[in-house]
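A.B. asks: structure for the following, please:
(chains A and B)
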2 protein chains.
Amino acid sequence: MTAVTRPGGRTAAVRDAVLRAAADLLVETGLEGLELAAVAQRAGVGKSTVYRRWGTVAALVADLLVDMADTSSRRPATGALSTDLLAAAKLIRRTLTDPRQGALFKAIIATATSDPTTAQALAAFYRKRVDEVSPVVIDAVDRGEAPDGVDAREVIRHLSAPLYYRFLTDTAPISAADVRRSVALTMAGVQAGVFGPEAAGPTPPGPRTTTPTGSATGRRRTES
Amino acid sequence: MTAVTRPGGRTAAVRDAVLRAAADLLVETGLEGLELAAVAQRAGVGKSTVYRRWGTVAALVADLLVDMADTSSRRPATGALSTDLLAAAKLIRRTLTDPRQGALFKAIIATATSDPTTAQALAAFYRKRVDEVSPVVIDAVDRGEAPDGVDAREVIRHLSAPLYYRFLTDTAPISAADVRRSVALTMAGVQAGVFGPEAAGPTPPGPRTTTPTGSATGRRRTES
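C.D. replies: You can find the predicted model right below:
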């Protein structure tokens, strides 16, 4: 195999090749086709390397999730909560409706239903994704668009939930209307105080005074 | 095998035994352990009966879903939308956190991610479940608690979504707080008009005039 010069060197190149091969096999054949020997062959690396480094299929899927979490996109920053949430929801729709990405997520979520290692890795993946997007809510608090003490992570989780529910339990594809409804519902919940101790109500005129102690979620942008 | 006298006779008794055996194997071993021969043996019926009647594992899982849909519980009728939604959400939590039922749903949802027949059956199952609970929203419209033209099915789908999202992507169990938050969010969405063409606003005093043409969802109680 000809090594490609890249950051991280040969070890990272092997990991990349193995994870890409694992994702390919998951997409094409589901979990049944994901055997370490087949992954090694497809990746063009030695079987013993794959067995030594990952050992089990579950460990390999867990590492794939770590890699997917590391290569995530930036948080939206449109200047308003509703458009930030819309951008985040559109990205979820785009990911889940993409033939390759959608199949990969379905295979991993299915694996997590019966394998505890994959379930832990999947939960960690979503915690990381949610943490990356949550600052849009913290910024909305600073702008007076959301109540102080709102649970930013729960806002993002509830934005995602209807899209995943359709993805996993329905044959109808996730539509643009699904995205808009999820954003509208999440905004209504924020405004009604569903995710925090108090309702925001109408935005007060002029700059809003925020307390320096931060919210219950402890993720004020100025502190992180 | 000693036949038990029951409604439906021997054919129904065989189906019951086979579906129960299929559910047991799904819970215990996941989809991998679900082979028609193993199901027949566990059910104490002839292999040829199972092969002739169901033919494939996917058809068997689909029939299991039909059976699960047929044995569903009644819709809540507490007299108010928020308490009806709370009862429905509590039932979802109870089902998904029950060790046997939860494992069964996980196995079926996982199967649906890679098998189109199961995916169709699963979608039909949830359509039926949602249709059974949706009248609580139609009644709420009649009481003036929800806006005319609200999409009752979408209300129920969005009540379920956060509970399923936690169930399938998180290792934290579904909590009572998750149930309350889902109800509060759904209620906020109903009141803000997220699921229909207009917001309900505060309930007007006295009896409310409803239009005889029915809502966009076409499921007015007086018409069905």
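
A.B. asks: just checking, next helix/strand downstream of the lengthiest helix in chain A?
C.D. replies: Ranked by residue count and defined by DSSP state H, the top helix of chain A is helix A:9-29. In the C-terminal direction, the helix or strand that comes right after helix A:9-29 (DSSP states H and E) is helix A:36-43.

A.B. asks: residue ranges with poor pLDDT in chain A?
C.D. replies: Along chain A, segments meeting pLDDT under 70 span A:1-8, A:72-73, A:197-224.

A.B. asks: for chain A, what lies in contact range of chain B?
C.D. replies: Within chain A, the positions near chain B by CB under 8 Å from any CB of the partner chain are A:30, A:106-107, A:109-114, A:119-120, A:122-123, A:126, A:154, A:157-158, A:160-162, A:164-166, A:168-172, A:181, A:184-186, A:188-189, A:191-192, A:194-195. Yep, even glycine has a C-beta here, placed from its N, CA and C like the rest.

A.B. asks: and with 7 Å instead?
C.D. replies: Within chain A, the positions near chain B by CB under 7 Å from any CB of the partner chain are A:30, A:106-107, A:109-110, A:113-114, A:119-120, A:122-123, A:126, A:154, A:157-158, A:160-162, A:164-165, A:168-171, A:181, A:184-185, A:188-189, A:192, A:194.

A.B. asks: what about these, which are in strands?
C.D. replies: Among the residues of chain A next to chain B, the subset assigned to strands under DSSP state E is empty.

A.B. asks: and those residues, which are buried?
C.D. replies: Listed as buried from these are A:30, A:106-107, A:109-110, A:113-114, A:119, A:122-123, A:126, A:154, A:157-158, A:160-162, A:164-165, A:168-170, A:181, A:184-185, A:188-189, A:192, A:194; burial here means 16 or more other CB atoms under 10 Å in any protein chain shown.

A.B. asks: need the contact list for A:Ala123.
C.D. replies: B:Thr169, B:Asp170, B:Thr171 (CB atoms under 7 Å, 6 or more residues apart in numbering or on different chains).

A.B. asks: please parse chain A into its domains.
C.D. replies: As assigned by automatic domain parsing, chain A contains the domains A:10-62, A:72-198.

A.B. asks: TSV for those domains, including distance to B:Gly79?
C.D. replies: TSV is the format used below for the domains of chain A (distance: least, CB to CB, whole Å):
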stretch	distance to B:Gly79
domain A:10-62	47
domain A:72-198	22
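
A.B. asks: break down chain A into its helices, ranges please.
C.D. replies: A:9-29, A:36-43, A:47-53, A:57-70, A:81-97, A:99-114, A:116-133, A:135-142, A:152-169, A:176-191.

A.B. asks: most tightly packed of the ones you listed?
C.D. replies: Of all the helices of chain A, helix A:152-169 carries the top mean neighbour count, a mean of 24, counting by mean count of other CB atoms under 10 Å in any protein chain shown.

A.B. asks: point to the residue nearest the middle of chain A.
C.D. replies: Residue closest to the average C-alpha location in chain A (CA atoms, centre = their mean): A:Arg129, at 3.6 Å.

A.B. asks: one step back: so which of the helices of chain A gets nearest B:Arg15?
C.D. replies: Closest of the helices of chain A to B:Arg15 is helix A:152-169, at 24.6 Å (criterion: CB to CB).

A.B. asks: quick one: the closest one to helix A:116-133, angle?
C.D. replies: 130 degrees (axes from the mean of the first three to the mean of the last three CA atoms, to 10 degrees).

A.B. asks: list the contacts for the closest residue to A:Ala62 other than its chain neighbours?
C.D. replies: Excluding its sequence neighbours, the residue lying closest to A:Ala62 (CB to CB, 6 or more residues apart in numbering or on different chains) is A:Ala121, at 3.6 Å. Neighbouring residues of A:Ala121 by CB under 7 Å, 6+ apart: A:Val61, A:Ala62, A:Leu65.

A.B. asks: and the residues you listed, which is closest to B:Ala12?
C.D. replies: A:Val61 (41.6 Å).

A.B. asks: quick one, what contacts the closest one?
C.D. replies: A:Ile108, A:Thr111, A:Thr118, A:Ala121.

A.B. asks: just A:Ile109 next, same as before
C.D. replies: The contact partners of A:Ile109, by CB under 7 Å, 6+ apart, come to A:Leu122, A:Leu168, B:Thr113, B:Leu168, B:Thr169.

A.B. asks: any idea how far the nearest residue to the third one once chain neighbours are set aside is from B:Arg166?
C.D. replies: Spatially, and ignoring its direct neighbours in sequence, B:Thr113 is nearest to A:Lys106 (3.9 Å; CB to CB, 6+ apart). Using CB to CB, to the nearest Å, one gets 18 Å for the distance from A:Lys106 to B:Arg166.

A.B. asks: that concludes my questions; thank you for your assistance.
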